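Colleague: Return a 3D structure for these sequence lines:
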Amino acid sequence: MSRVGKNPVAVPEGVDVSVSGALLVAKGKLGEVTVPLHEAVDLKVEKDVVTVVPLDQSKLARSLWGTIRSLVNSAVTGVSVGFTKKLEINGVGYRAQLKGKVLNLQLGHSHDINFPIPEGIDIKLEGDRQNVVAVSGVDKQKVGQVASKIRGFRKPEPYKGKGIKYVDEYILRKEGKKK
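Modeller: Model (predicted):
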């Protein structure tokens, strides 16, 4: 029995959840998210609770049970509260600027990196030196993917800690060379 799947998803006030065919649509104050469903599981939507039930005891149904429940929970949370990932830029001369729908990153390369902001994602600069980039949106997967892509332009190095890291990430520091 799935430990994740057996828990029902609570639908907060102001969120509308509907199932049409093989898609679940969650609408809220921040936007709309669709979740593709599988025929091995069934969804029961009451007024403020969504329950995921496997149709049989096959391995596929049992493995998709908790996965679909997590996707539904992420969709409901995304349209009601939203998701945010914060990245911190460390290094001399490393900076970020917003130019319309483009994030301009100066990361010590021979050229600036112009990252076009995808649809449905909002990026803000925070901090006193504007060295904290906050990526937010309603789709958890998309927010994580964009944050990972920005981090990948200059990953943090272990000697001085220069690069882009998540705010809550700890970089294991190494000792430099000795004489």
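
Colleague: Can you list the strands that the top strand by length along the chain pairs with?
Modeller: Selection of the longest strand in the chain by residue count, based on DSSP state E, yields strand 83-90. Sheet pairing of strand 83-90 (DSSP bridges) gives strand 132-137 (antiparallel), strand 163-166 (antiparallel).

Colleague: any chance of the ones you listed in a markdown table, with mean pLDDT too?
Modeller: Supplementary listing: the strands paired with strand 83-90 in a markdown table, determined by pLDDT from 0 to 100:
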| stretch | mean pLDDT |
| --- | --- |
| strand 132-137 | 96 |
| strand 163-166 | 96 |
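
Colleague: Tell me which of these lies nearest to residue 20.
Modeller: Minimum separation from residue 20 across those (C-beta to C-beta) falls at strand 132-137, 23.1 Å. Just so you know, the C-beta spots here come from the backbone N, C-alpha and C atoms, and that holds for glycine as well.

Colleague: List the buried residues of the longest helix along the chain.
Modeller: Secondary structure assigned by DSSP state H gives helix 59-80 as the longest helix of the chain. Neighbour counts using 16 or more other C-beta atoms under 10 Å place 61-62, 64-66, 68-69, 71-80 of helix 59-80 among the buried residues.
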